[in-house]
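Participant: Requesting a structural model of the entry that follows:
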Amino acid sequence: MTTTVLSRPTTTPRPRGATLAGTGTLLRFMLRRDRIRLPAWTLGLTLLMTYFATALDSMVSSPSDLEGLTAFTGSPAGALFGGPGFGFDDLTVERFLAGQYGLYVAIGAGLMGLLTVVRHTRAEERSGRAELVRANVVGRHAQLTAALIFGAVMSVVVAVLIGAVMAGRGYDTAGSLLFGASVGAVGVVFAGIAAVTVQLSEYPRAASGTAGALLGAAFVLRGLGDMAAVQGSGPSWLSWLSPIGWSQQTAPYVLDRWWPLGLSLAFAAAATAAAYTLSGRRDLGAGLVPPRPGPPRAAGWLAGPFTLALRLHRANLIGWSAALLVAGLAYGSFTQPLIDGFADAPEQMVAVMGGRDNMLAGYLGVMALTMALAVAVYAVLAAHLLRTEENEGRTEPVLATGVSRPAWLGGHVAVVAAGVPWLLLVAGLGMGIGTAASTGDAGLAGDVLLGHLAFTPAVWLVLSAAALLYAAVPRWLPVIWVAPAWGLVAGYFAPVLDLPGSLVRLSPFEHIGRYPLERISAVAILVLALLTGLLTWTAVTMFRRRDVTGGP
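Facilitator: From the prediction side, this is the model:
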């Protein structure tokens, strides 16, 4: 007689590292894929800081120059555009660099961190590549982990390079290393924030837009808190609610405090833990906030390419309208205090505002340029939507109908082009109302509005150049970011950095005229409008001659 023994099925325990399997391989893939993007970000931010340091060294030739800087940085305007101004009562070049220009490098590091994480997580899921990768021996959290490590590596590289550059210029080594670390900490924090936002929406633009909005909120909170600290009254504690503020509170070259960076690291760790938790509660490719289901049948007004483009750009246009209106009201309401703060600034900085005799008109002109650059960013992002529609396979089905290529591309360009003057109008309206309330002169509202609208052709030219890049060589579309970036450098730093006029005139924004400080050039408007038409026509022609991708 035989006896058969039946054993219970056993469950093989899952290895602890199973959810992270393949992280190293994915990290190598990311390094390979971003072999150009990584040095562009890290070296770009380092060179920007080097340029600021070199220009400031050439600008400051005597102790009296530093005294002039002190008068500016100790004002509410200096706090809003720079920081709390630690050690500015005994100002040195390195303290001014860390306390004023360091803010903008830190913002760049934040953008680097959030865009890197979105690019290698949510964008990969949206394109379908993440699903193919997960079909191999790859853990659930490997993609997110590799992206966070990659973002942290980029931030560390920026920190080391900036610290080395500052120390190499003869500045205090400990302060230089702390300053570099404070910049890198912002990148780490916003990489963690992006790791959370990519779990919420299934769309990369929504994830990066949410993280970018939080970066903007961090800038605003820091600015309001620092202004209150300089004035000696108000909610100065707001600075401590901002990750940018934590980095500035380290006070390099003055107090050399490392402990505020502990807040940055703790926040990044908490955001990362939250991201892992949220990631385990959603399906691959989905978001925790599901998209709202649409009607079963499209409305009749969506039958044409123009109206379809309007529907696709509607949400972005509404969001930008609200943001620019609030920004205009905020900056307009600070008109009088900012002008008072700039009154004792060095000549190079006053030159940006149009001179001491034209401070009010100069400030209004500078803010019109600022809003125009912001609208140019909207136009560039809208142009990237064209590439997204094509890469995700939605362009080809539309073109398979009776919609022609010129109509499809022209519809998108026309919608964005119509949105440009609208956004400038909204921004100018907010700025005009805030300025009138701050100065008590209601007549300035009309001048502010006209000064904003005058930049419409310059933004149109950037849009048409973006459309041409998309139509001819889509993978070169990111090059268009040079246009608003150079517009910022030429508009804000040309007098300070003593840039040659030939380089400044490469920016289309420098030909219009900053009204009400300068006359609006009708010739420049006409030339820019003609160039816009020429580039748009060329874009349509080039788009008809190339293949359209059918999807990922």
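
Participant: Residue ranges of each domain in this protein, please.
Facilitator: Split into domains by automatic domain parsing, the chain comes to 25-284, 307-546.

Participant: could you redo the ones you listed as TSV and give each row mean neighbour count?
Facilitator: Using the backbone N, CA and C atoms, a C-beta is placed for each residue, glycine as well. What follows is those, written out as TSV (neighbours: other CB atoms under 10 Å):
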stretch	mean neighbour count
domain 25-284	20
domain 307-546	19
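
Participant: Tell me which of the ones you listed lies nearest to residue 291.
Facilitator: domain 25-284 (6.7 Å; CB to CB).

Participant: circling back to that earlier point, redo the domains of the chain as JSON lines? Include mean pLDDT and distance to residue 18.
Facilitator: Formatted as JSON lines, those follow (pLDDT from 0 to 100; distance: least, CB to CB, whole Å):
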{"stretch": "domain 25-284", "mean pLDDT": "88", "distance to residue 18": "6"}
{"stretch": "domain 307-546", "mean pLDDT": "85", "distance to residue 18": "31"}
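
Participant: okay, those in a markdown table with distance to residue 19 next?
Facilitator: Output for the domains of the chain, formatted as a markdown table (distance: least, CB to CB, whole Å):
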| stretch | distance to residue 19 |
| --- | --- |
| domain 25-284 | 4 |
| domain 307-546 | 28 |
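
Participant: how about the ones you listed, which one is nearest residue 295?
Facilitator: Comparing those by CB to CB, domain 307-546 comes nearest, at 12.2 Å.

Participant: Give me the spatial nearest neighbour of the residue nearest the centre of the chain, chain neighbours excluded.
Facilitator: In the chain, the centroid-proximal residue (CA atoms, centre = their mean) is residue 111; its distance is 5.6 Å. Sequence neighbours aside, residue 215 is the residue nearest to residue 111 in space, at 7.0 Å (criterion: CB to CB, 6 or more residues apart in numbering).

Participant: Same question for residue 169.
Facilitator: Using CB to CB, 6+ apart, the closest residue to residue 169 is residue 53 (6.0 Å).

Participant: What strand or helix carries that neighbour?
Facilitator: Per DSSP states H and E: residue 53 is located in helix 37-59.

Participant: Off-centre distance for that helix?
Facilitator: 17 Å (CA atoms, centre = their mean, to the nearest Å).

Participant: swap in stretch 122-134?
Facilitator: 24 Å.

Participant: what about it, start to end distance?
Facilitator: Taking CA to CA, to the nearest Å, stretch 122-134 runs 14 Å from one end to the other.

Participant: Same question for stretch 507-516.
Facilitator: Terminal-residue distance, stretch 507-516 (CA to CA): 20 Å.

Participant: and what of stretch 442-462?
Facilitator: Per CA to CA, the first residue of stretch 442-462 is 33 Å away from its last.

Participant: quick one, the host helix or strand of residue 119 and helix 37-59 angle?
Facilitator: Using DSSP H and E, the element containing residue 119 is helix 102-120. Between the axis of helix 102-120 and that of helix 37-59 there is an angle of 170 degrees, by axes from the mean of the first three to the mean of the last three CA atoms, to 10 degrees.

Participant: for helix 102-120, packing partners?
Facilitator: helix 37-59, helix 142-168, helix 173-200, helix 204-231, helix 243-248 (3 or more CB pairs under 8 Å, 6 or more residues apart in numbering; DSSP states H and E).

Participant: Compare those and give me the one nearest residue 383.
Facilitator: Here helix 204-231 is closest among the helices and strands packed on helix 102-120 (CB to CB), at 12.6 Å.

Participant: Output the helix holding residue 53 in CSV with nothing but the alpha carbons.
Facilitator: The C-alpha coordinates for helix 37-59 follow below in CSV (Å, rounded to 0.1, in the frame of the first residue of the first chain):
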residue,chain,number,x,y,z
ARG,A,37,20.6,67.8,-21.7
LEU,A,38,22.5,67.1,-18.5
PRO,A,39,25.6,69.2,-19.4
ALA,A,40,23.3,71.9,-20.8
TRP,A,41,21.5,72.3,-17.5
THR,A,42,24.5,71.9,-15.2
LEU,A,43,27.0,73.9,-17.1
GLY,A,44,24.4,76.5,-18.2
LEU,A,45,23.5,77.3,-14.6
THR,A,46,27.2,77.4,-13.6
LEU,A,47,28.1,79.6,-16.5
LEU,A,48,25.2,81.9,-15.6
MET,A,49,26.6,82.4,-12.1
THR,A,50,30.1,82.8,-13.5
TYR,A,51,28.8,85.5,-15.8
PHE,A,52,27.1,87.4,-12.9
ALA,A,53,30.3,87.2,-10.9
THR,A,54,32.5,88.4,-13.7
ALA,A,55,30.1,91.3,-14.5
LEU,A,56,29.8,92.4,-10.9
ASP,A,57,33.6,92.4,-10.4
SER,A,58,33.9,94.7,-13.4
MET,A,59,31.1,96.9,-12.2
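
Participant: now for it, which elements pack on it?
Facilitator: Packed next to helix 37-59, using 3+ CB pairs under 8 Å, 6+ apart, are helix 93-96, helix 102-120, helix 142-168, helix 482-497.

Participant: Make CSV from those and add distance to residue 271 to it.
Facilitator: Output for these, formatted as CSV (distance: least, CB to CB, whole Å):
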stretch, distance to residue 271
helix 93-96, 31
helix 102-120, 10
helix 142-168, 10
helix 482-497, 28
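
Participant: And these: which comes nearest residue 416?
Facilitator: helix 482-497 (14.4 Å).

Participant: angle of the closest one against helix 37-59?
Facilitator: With the same axes, to 10 degrees applied, the angle from helix 482-497 to helix 37-59 works out at 20 degrees.

Participant: counting contacts, what elements does the next helix or strand after helix 482-497 pack onto?
Facilitator: Once the chain leaves helix 482-497, the next helix or strand it forms, by DSSP H and E, is helix 501-504. When contacts are defined as 3+ CB pairs under 8 Å, 6+ apart, helix 501-504 sits against helix 482-497.

Participant: surely residue 436 meets residue 445?
Facilitator: Yes: assessed by CB atoms under 8 Å, residue 436 is found in contact with residue 445 at 4.9 Å.

Participant: The residue lying closest to residue 415 once chain neighbours are set aside: which element?
Facilitator: The shortest distance from residue 415 to any non-neighbouring residue, by CB to CB, 6+ apart, is to residue 309 (4.5 Å). Using DSSP H and E, residue 309 falls within helix 305-333.

Participant: Before I go, just wanted to say thanks for your time.
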